[in-house]
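J.: Curious how this folds, go ahead:
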Amino acid sequence: MFKQIQRSVAMCLALAMAVSLQAQQPASNNGQDSGYVLKTESDLVLTNVVVRDAKTGELIRGLKQGDFTILENGKPQQISSFDFESVDMAQPLNEATISGLAATQSKAGGGARPEDLRNHRLIVFFFDLTSMQPEDLDRSVTAAKDFLSKKLQPADLVALVSLDTSLKVDQDFTSDKDLLIGKIGMYNGTEGDAFAQGANANSNQVEDASGYTPDESEYNDINTDRELYALRAISKSLEKINQKKSLLYFSGGLSRDGIENQASLRSAINAAVRANLSIYSLDTRGLQAISPLGDASTASLRGTGSFNGGAIQNNFNSNFASQETLTTLSADTGGKAFLDSNDFSPAFAQIQRDTSAYYVIGFHPSNPAKDGRYRKLQVKVNRAGAKLEYRPGYYAPADYQHSGKEDRERQLEEELASGLPATDVALYLDAYYFRLDENRFYVPVSLIVPGSQIPFVKGGDRDKATLDVIGEVIDEAKRPIGHVRETVKLAVNEEQQARQKNIQYSTSFNLPPGKYHLKFVVRENQSGHMGSFEADITLPDMRKAPLKLSSILLASMRVPSKGTSPLVREGQQYVPNISHVFRQGQHLYLLYEVYSPAKVKAVADSTGAAQKTAKGSINLISNLELIQGSTKVFETPVVQATALNVAGRDAVAVELDVPLDNLKPGTYIGQLNVVDDAGGSFAFPRFAVLVKEPQPADGASAGAAAIAPK
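T.: Next comes the predicted model:
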């Protein structure tokens, strides 16, 4: 419920760091892996071809590789792999559960090897519980049980997957009828308690302008994306199994809002094609009677929509739209959609018919462009009177330069949600906290990217580049309570030598006390490379702390600012030096705050008269020591604060300025001594500092120039 209420963006060039940020490299494994090794090539395109006699419909067997010709966009392709699979040649499997969707092991302790799955049918029953009415679900379960008990063949391996509040693999591939029937029976009685209510043909009515109709388009877009992402996840989990797979998608309709879900649809289809998975969509609503007045599931209509045809036309359009997406999924993956029928058995029969015997043809495309465009396939066979069944084409993989805006946004969101770090771009992050009131902190966040990793492009007299930044703050309950999304445009002069410096991005959040997890992702938009960084931060409850101290912020530069954040003092904003690397000739600036310091009490002198003290005065003293080894090599004069200097926050801000001209290069331990003399409390926080030699004369200038986002 807490929202980010303040966000500032500052881009600046800091001096080059001594500590380089290196992308993590995976450790090499010199050992040899045992067991079956599956080798795949990413550019290999597989297509399944069923060859039938045009008159009798019988399968034509015995064809060789030389009998086929395959064309992509009209250009002949060199066939690199060829195979024929038939369920008649399937070998019996002893495993009760086959390693597949969930990568589970058999009861005997080992899953079937991929080569053992040859000539078997691999069928996934996917029940989208979020889109079905209870009566539709009952019909679906009954039809599935009937198929499993009467039509399941020894070569058939079936898996069960469902989507309600989450995507679940309820049963991995198995030929055990009783096990499957028992598992599928769990779906009965589901009352649509997930993200979307089951739809029917009368769900959308035309209302007159006098009534309020909520706009649910964004809500529906999210639900559709969620269902398409589930299909993509299933496809990706099956990529390592080379055999043709079939997915029977039990759905109550899948609606899209214009092009809002186009990227998700394209991604789901591409994943299915790459996994050699055909989707057979089954509209579980069956044949529907569409009434102009609606049914008991909707409120009564107002206005003239029920009399002039507007209401029934709206219902027809809504129904067709929800079926169009199902048809697209099936047609583009080589499956078939079953709509407007109360008999579900033809869907099961079609899957068995299409996967009884087929030729698997593979080729490496002669067109190497990763442009993401649709490529039409055409297969020919030198056999008179033959009818071929195959998918009409596929979408080529797309590199970053050819990806669209929605694909790029989805890429960022996926990386933000991913549990694995992105390491193509080196990235480092740090966060600080300054108290605004007893229950709220200002949390500035800074991250740096080495300029050497950003491919600047020459644009006129400037070097230009763009960075996409996305980040979020998650509380202890795993709830996102703060979000940042920014596209930063850089335009720097050549003399600024951005490639020898670091690009620094800053933003901020307002948060209550507690423990938080931060994750940020940065992508440079020339090659699409990304880097991510995660960190934890604890905002303390200071009410019982003897000395209420903020973070200690170190900086090597200050820039003019008209802002009012705690980092701005007398028109100068402190730019955090999160690496703590400085050069001789620079200044080490320190900024910290003490909250609610104790008030000085009046003390009697030798004559018994009370000493005069200013009302509300304090006595806060502090200084900085730099230690090298066990020797104190530098100490600043003591700074004393006798009054609050931060209006409205019961705080005193302390600033220290340490010239580094006379310090030798090396590593130091800085100890900040903070004593509240009136309250008898103190703190001695420590931090590391690295001082380097001055920048060479032909290198970057000591004064870094600020870059504002364009």
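J.: quick one: contacts of stretch 398-406?
T.: By CB atoms under 8 Å, 6 or more residues apart in numbering, the surrounding residues in contact with stretch 398-406 are 262-263, 370-372, 407-408, 411, 527-528. To be clear about C-beta, it is placed using only N, CA and C from the backbone, and glycine gets the same treatment.
J.: any low-confidence regions in the protein?
T.: In the predicted model of the chain, residues 1-42, 90-116, 189-221, 257-260, 288-317, 319, 460, 494-498, 602-616, 696-710 satisfy pLDDT under 70.
J.: And the helices in it?
T.: With DSSP state H as the criterion, the chain has helices at 134-150, 177-184, 217-237, 262-274, 305-308, 310-333, 345-354, 405-417.
J.: Output the fourth one in PDB with nothing but the alpha carbons.
T.: Provided in PDB are the C-alpha atoms of helix 262-274 (Å, rounded to 0.1, in the frame of the first residue of the first chain):
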ATOM      1  CA  GLN A 262       0.400  -9.400 -29.200                       C
ATOM      2  CA  ALA A 263       3.900  -9.700 -27.700                       C
ATOM      3  CA  SER A 264       2.700 -12.400 -25.300                       C
ATOM      4  CA  LEU A 265       0.900 -14.300 -28.000                       C
ATOM      5  CA  ARG A 266       3.900 -14.200 -30.300                       C
ATOM      6  CA  SER A 267       6.100 -15.400 -27.500                       C
ATOM      7  CA  ALA A 268       3.800 -18.300 -26.600                       C
ATOM      8  CA  ILE A 269       3.600 -19.400 -30.300                       C
ATOM      9  CA  ASN A 270       7.400 -19.200 -30.800                       C
ATOM     10  CA  ALA A 271       8.100 -21.200 -27.700                       C
ATOM     11  CA  ALA A 272       5.600 -23.900 -28.800                       C
ATOM     12  CA  VAL A 273       7.100 -24.100 -32.300                       C
ATOM     13  CA  ARG A 274      10.700 -24.300 -30.900                       C
END
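J.: Counting by contacts, list what it packs against.
T.: helix 217-237, helix 310-333, strand 393-395, helix 405-417 (3 or more CB pairs under 8 Å, 6 or more residues apart in numbering; DSSP states H and E).
J.: helices or strands up against the third one?
T.: Translated: strand 393-395. Using 3+ CB pairs under 8 Å, 6+ apart, strand 393-395 sits against helix 262-274, strand 374-381.
J.: mind listing what that strand pairs with, with the direction of each?
T.: Strand 393-395 sits in its sheet next to strand 374-381 (antiparallel), going by DSSP bridges.
J.: ok, back up a step: out of the helices of the chain, deepest packed?
T.: Ranked by mean neighbour count, these are led by helix 262-274 with a mean of 21 (mean count of other CB atoms under 10 Å).
J.: what sits up against it?
T.: Contacts for helix 262-274 (CB under 8 Å, 6+ apart): 224-225, 228-229, 231-232, 235-236, 239, 247, 256, 278-279, 325, 328-329, 332-333, 391, 394-395, 397, 404, 406-407, 410.
J.: again, but for stretch 643-658
T.: 435-437, 566, 569, 587-597, 614, 616-618, 620, 622-624, 626, 634, 636, 639, 641, 674.
J.: sorry, back to before: make JSON lines out of the helices of the chain and add distance to residue 453.
T.: Below are the helices of the chain laid out as JSON lines (distance: least, CB to CB, whole Å):
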{"stretch": "helix 134-150", "distance to residue 453": "52"}
{"stretch": "helix 177-184", "distance to residue 453": "50"}
{"stretch": "helix 217-237", "distance to residue 453": "29"}
{"stretch": "helix 262-274", "distance to residue 453": "27"}
{"stretch": "helix 305-308", "distance to residue 453": "59"}
{"stretch": "helix 310-333", "distance to residue 453": "38"}
{"stretch": "helix 345-354", "distance to residue 453": "49"}
{"stretch": "helix 405-417", "distance to residue 453": "17"}
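J.: Show me the one of the ones you listed that comes nearest residue 57.
T.: For residue 57, the closest of the helices of the chain is helix 345-354, at 9.5 Å, according to CB to CB.
J.: quick check: angle from the closest one to helix 134-150?
T.: Here helix 345-354 points in a direction 40 degrees away from that of helix 134-150 (axes from the mean of the first three to the mean of the last three CA atoms, to 10 degrees).
J.: and helix 345-354, what other elements does it pack with?
T.: Using 3+ CB pairs under 8 Å, 6+ apart: helix 345-354 touches strand 121-128, helix 134-150, strand 245-251, strand 277-283, strand 337-338.
J.: Can you tell me which of those is nearest to residue 666?
T.: Per CB to CB, nearest to residue 666 of those: strand 277-283, 60.6 Å.
J.: who touches that closest one?
T.: 48, 124, 140, 231, 234-235, 238, 244-253, 272, 323, 326-327, 329-330, 333-340, 344, 347, 350-351, 354, 391.
J.: Sheet partners, orientation included, of that strand?
T.: Sheet pairing of strand 277-283 (DSSP bridges) gives strand 245-251 (parallel), strand 337-338 (parallel).
J.: Just name the most buried of those strands.
T.: The highest average neighbour count among the strands paired with strand 277-283, using mean count of other CB under 10 Å, belongs to strand 245-251 at a mean of 26.
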